[in-house]
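sequence unknown, structure follows:
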C-alpha cells in the first residue's frame, strides 16, 4: 500500500472542500489533485499543486509577441506554433508540484534534471520504511546482447526465481541490520546517517518535486522514451497522463513535435531529398555511418 | 496611466468571478490578484498567479526532515528555523508570477537574476508605446561625491530643470523619429528591430516574470536594500508589500534574519567578543581595513 | 577602433609570453587568445580563457558510459554519437570565456541565455563612451511585409539617408546631454545611474561572458540561425568560427545534426513515408496547417 | 587502492610533459593537476582542469565597475571587498573540474548542488567494482541524543564490532549476488540496470564534477561546515585545501567572511548593541526563542 494512514488522512482532509480563487484553474487537473496514482509495487505520483493552464501559455506569448500573435486564430494554433519553433519561454509560465514515492535508483536518474525544486525525505533525520522495489516477474529483463544499456527478454524459470529470492532476502536482511544498528535498546545505537548506507538502492524514498512545464516536457521526452529504463518510464507515463488532462493543447503539440517527431541531420535530409527524386540511396552512398543509417531506417519505417 | 484599456478590461473580466479549487489558497494574496499597483510614473506590478502559502513551506520541510520537524511546535517557528539555518529548498516550493511594466534600464538590472522565467514584450515584433520614465523632481539626485555608485542630494533650480527638459525633449524626439522611420506611408519603412535602437533606456517595457519564493526573497534582499538604485527599489518595495500578505511568516522571518540582519566576519566577531569583555577596540587594533571598520561601526550603531 | 589603448596594451602584454601548463590545450584556440575579432562598426569578440578540447568531451563520456564507449573506435565517432543522441552532459565539460563589446539592444537579446556567467560594464559606476552602432547602408533593412519579426529589402535613397542622419544626430545629441548632465563643472552633476537613461539602445556596452560548450552550441543554434536578427547573428558567426578551431569534432557534429538538420513532426514524418511510397501528398491531405506545410516544403527543398 | 591501473597510467601520461599556453595559469594549482588526493577508505579527489586565478576575479570586476575598482589599491583588497558585499559574479569567472570517487550516499547529498556539470559512472552501462565504504572504528558514531541529524560519541566494543561485521558482510553478499545475477555463464544474465539495485549506498561511484568558484565556495560553506555529515566533509576539506592553493586571496576572504563569520538577525544585533551599552541581556528579555538564544551564545563564545 503506497500511502501511509497519515498521508491518506491528509489527502482526505485536503479533498474535503474547495476554496474560491481568482486564479486560473484547469478543470482537468483539479480532479487529479492529491490523488495518489500507483506506480510500481509501492510507489505513487500525486499532484500537490499547479499553476496555469493552456491559456497561461498563450497569454505570456502575447505579452512577448504582441500583435503578431493575434493573427494566429486560436490558442491551439499558437501553442503549436510556439512548440514547432522552439519558443520555450511561454511554456515556463506553468508550474507543477508533485509528491512522488520512488526507489532510490530511480531517484538517482531523476535528480539529474537540474532545473527543478526538490525536497526529499532525509535519512539523516528520519528512519526509512521497510519498502523495497521487487520487480514483477515479467519485468525481470536480461541484459541486452546488442545494447550496453538495454534490456533483452524476461528471465525465465529458476534463474528468475533465484533473482527474486536474492532481491527479497538481501533487502530484508539489510533492513533487519539497519533496524538493529540504530536501535537504542541496550546499546548506544548507530547514527541514522551511517546506518542507512547498508540499505540497497531498491529502497523507496519520497520527495516533493516542482518544475515548470517546459522542463516537465523535456523530462517526459527523455524519460517517457522507449530508451529510458522501464522503472523511471512508468513514472514518466503516469505524469504524462496527468499532463494531458492539465494542458491538453500543449501536451498534444509535444506529442506531435517532440515525442513522435525526429531530428534529421543535414546528411539525412539530403538522403530524403535524393530518395524523393527517385535515387537509390544505400548506406554506402549515404555518407552515414552504419549506426546512423540503421537509426535513419528506423525513422523512415513504420511507427510503432 | 499605467494600464491600457485592453489590459484594464482583461483585469476586470478576470476579477469578475472566482473559481472553486482544491489547491491551497492564500487569502491575503487573492485580494492582490490582477490589481495593478502603480510604481514610478507609468509602471506597475500586478500578481497574475501564485502557488502555495506559508503552510506549503512547512509541508515540504516535513517531507524532508520527517519527525524532527514535528518537534517544532508551530508553522512560524519552523519557518524561522529554516530561514535561520539557510535551509532554502522548502521556500522554493512557493511560486509567484508577476506582470511588470518598467523602464528598460531597470529591466537590465532585474534580468540579472537568472533563476526566473521571463516573457518580455518584443520590440522586434511589436511597436513600443511613447512612454518614458521622467523622474519626479526630488528623485533627480546628484552623483555622490563619496561613492561611485551612490546618489547625493537632489539637484536644484536651473540644473534640475535643464535635466528634466532634456530627458523629455530627447525621448520625445527619439520617439518621433522612431515613428517616422517605421512608418510605411509613402516609404518602405525601417524594420522595427532596427528602429528601436534609437529609443533611450528610459522607455517602458513590460514582462511576465515568474520565480520561486526563495529566489524572490533573494531579489528583495538585493533590490529592496538601501544600496539598490531607487528606480528598482520602488519595484522591490511594492513586491515586498505583496509578499508580506502572501506568506506572512516567511516574510517576517526574512525581515528579521536577512533584511534587518548583518553578516559579521571572523575578525568582526572577534572584535565584538573583545568589546563585550570591556576592551577598547579601535580600527587600528581591530585588524580591519578602514572601509570594513566603517561598515562595522554602521552595523553596531543604531538602525535607521 | 574597437579596443582602447589600455585594452590593446593589456592584450599585447598577455600575448607576450606563454606559460607552461599540465592542462589540456587546444592549439587551434591558443592562436585566438586575446585577439579581438571585429564585429559591426565598433564591437569585437575576443577569447579570454578556455577549458578543455574535443578529448575532454570523450574523456567525460567514458567516465559515464565506461566500456560501452570504448567500442566506438575513435573520438570523432563518439562525439557524433553523443550529439545525435542528445547526450549533452559531456559537452558541458568544456568552458569558454569571452570579452565582447556589443550594442545594448544586442546585449538585451543575448542575456536571455540564462546559463552563463556575466560581468557587464556598469553605467552606475562608470561613464559610457561615445560609441553607437550605426548600420552600414546595406544593413538598413525595411520591415518584412510578410513576417512580423523579419526584414525585407534594404532601404533606398533619401529614406536610407534620413534614417542614418537621425540615428547619428539623435545618439550624438543624447550623448552631449549625457555629458552635460553628469558634468560637475559649475553644477552638482546628475548621478550616472540616472543620466544613462537618456542614451539610446544603439550605444555599446561590454562584458565578460562565460559559458560551457553545450550552452554555447545552443546559443549558436538560435543566434547563428537565419531567423536571428542580423546584429546578433554576426557575433554568433564570429564565435562559431572560433569554436570550429577550438573543438573541431564537436563543431562539425553540431553543424550536421543541429544547424543543418531539421526536426520533423510525427505528421511530417508520416508524409515523408507516404511520399516515398509514391503517394501524392498535398497540404490538403497532409494534416498540416498552411504555415507548417510551407515550412515542411522548405525543409524538403534544396538547402541554401 | 583508489585508482585503477588504467587511471594511474592515464595520470602518469598526462603529467609527463607540459604544454605552453597563453592562458592564465595558477602555479599553486598546477602541482595538484591529476594527483589523486585520497579521501575515506577508497575515495579520492583529483583536479582534471581549471580556468582562472585570483587575477581573473579582479579582471572581471574591473570590467563591471570600471574606474571605481582602480581606487582599491590591490587585488587582495578588491577581492575582500567583493566577498564582503556579496558581489558574486566575478567569482563565477573561475572554473574547476574534478574527478571524484565517493560512496553513493555521499553522492546523493552532493548532487543537490544543482549549479554544476556532472558526468557520473553509469551502472546501466557498466559494471560497478566491489568497493564499499567501511567506516574507520572511530568514525562509527552513535546517533546524537539531542540532535536529530547529529552524531554522538563513537560506538564501543561489541556494538562497534557488530556494526562493522554487518556492513562488511552485507555489502559483500550483495555484491556476490550482483555478480551472480549479471553473469551470463550458463544463464541469460540479469540486466545491469536492474541488478545494481541490490547494492547498498556504501558502494563507491565516481564522476567528473565541474563548477565555478562562486558555487564551489558555496559548496564548501555548507559541506566543510561542522554540521555537515563527516563523510562529505572530508571531501569538502580536501577540496578546500586545493582551493587555498588555487586562489589564495579568494579562499582567505571566504574563510574570514563566510566560514568563520556569522549572520546575526535584527534581534540579535539589537541584543549586541544593548550588551555593549552595559545592559544585562538574558534569553527572557532578548526576544529570541530558546534555540535561537543558544545559537547566539555560541556565536558570542570562543570559537573552536
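Cool, got the structure. Source: prediction; values computed, not measured.

domains of chain A?
What automatic domain parsing lists as the domains of chain A is A:5-133+A:202-259, A:137-200, A:266-300.

check whether the last one comes near chain C.
Yes: between domain A:266-300 and chain C, judged by Cβ under 8 Å from any Cβ of the partner chain, the touching residues are A:266-270, A:272-273, A:275-276, A:289, A:291-292, A:295, A:299-300. Using the backbone N, CA and C atoms, a C-beta is placed for each residue, glycine as well.

average pLDDT across that domain?
Domain A:266-300 shows a mean pLDDT of 94.

buried set for it?
Residues of domain A:266-300 classed as buried by neighbour count (16 or more other Cβ atoms under 10 Å in any protein chain shown): A:266-273, A:275, A:281, A:286-289, A:292-293, A:296, A:299-300.

that one: how far from the chain's middle?
Domain A:266-300 sits 32 Å away from the centroid of its parent chain (Cα atoms, centre = their mean, to the nearest Å).

over to stretch A:203-210?
13 Å.

that stretch and chain D, are they touching?
No: residues of stretch A:203-210 contacting chain D under Cβ under 8 Å from any Cβ: none, with a closest distance of 8.6 Å.

just stretch A:94-104 next, same as before
Yes: remark: stretch A:94-104 sits within contact range of chain D at A:103-104, by Cβ under 8 Å from any Cβ.

give the contact list for residue A:112.
Residue A:112 is in contact with D:111, D:118, counting by Cβ atoms under 8 Å, 6 or more residues apart in numbering or on different chains.

look up how far residue A:242 lies from the closest residue to residue A:245 other than its chain neighbours.
Leaving aside its sequence neighbours, residue A:245 sits nearest to residue A:28 (Cβ to Cβ, 6 or more residues apart in numbering or on different chains; 3.6 Å). To residue A:242, residue A:28 is 9 Å away according to Cβ to Cβ, to the nearest Å.

of these two, who's got more company?
The neighbour comparison of residue A:28 against residue A:242 (other Cβ atoms under 10 Å in any protein chain shown) goes to residue A:242, with 23 against 16.

wait, isn't the more buried one in contact with residue A:47?
Yes: if you go by Cβ atoms under 8 Å, residue A:242 and residue A:47 touch, sitting 6.2 Å apart.

show me what from the stretch 151-300 of chain A comes close to chain B.
Contact residues, the stretch 151-300 of chain A versus chain B (Cβ under 8 Å from any Cβ): A:206-208, A:210, A:212.

of those, which belong to strands?
Among these, the members found in strands (DSSP state E) are A:206-208, A:210, A:212.

out of those, who's nearest residue C:161?
Distance to residue C:161, by Cβ to Cβ, is smallest for residue A:212 among these, at 47.8 Å.

mind listing the strands in the stretch 51-200 of chain A by residue range?
A:95-103, A:117-120, A:141-143, A:151-154 (DSSP state E, counting those that start in this stretch).

other SSEs contacting the longest one?
When you say that, I think you mean strand A:95-103. If you count contacts as 3 or more Cβ pairs under 8 Å, 6 or more residues apart in numbering or on different chains; DSSP states H and E, strand A:95-103 packs onto strand A:43-51, strand A:204-212, helix A:213-223, helix A:230-246.

about what we covered before: mean neighbour count for the strands of the stretch 51-200 of chain A - can I get that in JSON lines?
Listed next are the strands of the stretch 51-200 of chain A as JSON lines, based on neighbours: other Cβ atoms under 10 Å in any protein chain shown:
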{"stretch": "strand A:95-103", "mean neighbour count": "24"}
{"stretch": "strand A:117-120", "mean neighbour count": "23"}
{"stretch": "strand A:141-143", "mean neighbour count": "21"}
{"stretch": "strand A:151-154", "mean neighbour count": "16"}
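
can you redo those strands as CSV with mean pLDDT?
Formatted as CSV, those follow (pLDDT from 0 to 100):
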stretch, mean pLDDT
strand A:95-103, 97
strand A:117-120, 96
strand A:141-143, 91
strand A:151-154, 88
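
hmm, residue A:299 is touching residue C:268, no?
No: the pair residue A:299 / residue C:268 is not scored as a contact, 11.2 Å apart, by Cβ under 8 Å.

my guess is residue A:140 meets residue A:154, correct?
Yes: the criterion here is Cβ under 8 Å, and residue A:140 meets it with residue A:154 at 5.6 Å.

does stretch A:248-264 come close to chain C?
Yes: with Cβ under 8 Å from any Cβ as the measure, stretch A:248-264 is seen reaching chain C through A:255-257, A:259-264.

and which of those is nearest chain D?
Relative to chain D, the closest of the residues of stretch A:248-264 next to chain C is residue A:259; by Cβ to the nearest Cβ it sits at 21.6 Å.

burial of the spatially closest residue to that closest one that is not a sequence neighbour, as a residue count?
In space, and not counting its chain neighbours, residue A:259 is closest to residue A:221: 6.4 Å by Cβ to Cβ, 6+ apart. Residue A:221 has 16 neighbours, counted by other Cβ under 10 Å.

contacts only, for residue A:221.
Residues counted as contacts of residue A:221 (Cβ under 8 Å, 6+ apart) are A:254, A:258-259.

now residue A:187
By Cβ under 8 Å, 6+ apart, the residues touching residue A:187 are D:155, D:159.

distance of it relative to residue D:161?
Distance from residue A:187 to residue D:161, counting by Cβ to Cβ: 12 Å.

the helices in the stretch 151-300 of chain A, which residues?
For the stretch 151-300 of chain A, the helices defined by DSSP state H, counting those that start in this stretch occupy A:157-182, A:192-195, A:213-223, A:230-246, A:248-254, A:266-276, A:283-286, A:290-300.

quick one: contacts for the residue in the stretch 201-304 of chain A that chain B sits nearest to?
Closest to chain B within the stretch 201-304 of chain A is residue A:208: 4.9 Å, counting by Cβ to the nearest Cβ. Applying Cβ under 8 Å, 6+ apart to residue A:208 gives the contacts A:48, A:97-99, A:117-119, B:59-60, B:63, B:93.

same question, residue A:245
Listed by Cβ under 8 Å, 6+ apart, the contact set of residue A:245 reads A:26, A:28-29, A:31-32.

PyMOL command for the buried members of those?
With 16+ other Cβ under 10 Å as the criterion, this PyMOL line picks the buried residues out of the contacts of residue A:245:
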select buried, chain A and resi 26+28+29+32
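
is residue A:238 in contact with residue A:40, as I believe?
No: here residue A:238 lies out of contact with residue A:40, judged by Cβ under 8 Å, at a distance of 10.0 Å.

can you tell me how far residue A:286 is from chain C?
13 Å (Cβ to the nearest Cβ, to the nearest Å).

return the residues in contact with the residue nearest to that residue when sequence neighbours are not counted.
Distances taken as Cβ to Cβ, 6+ apart place residue A:271 nearest to residue A:286, at 5.3 Å, with adjacent residues excluded. Counting by Cβ under 8 Å, 6+ apart, residue A:271 makes contact with A:281, A:286-288, A:296.

check residue A:201 too.
A:103-105, A:108, D:104, D:196-201.

in space, not sequence, find me the middle residue of chain A.
residue A:236 (2.8 Å; Cα atoms, centre = their mean).

measure that residue to residue C:261 for me?
Taking Cβ to Cβ, one finds residue A:236 at 25 Å from residue C:261.
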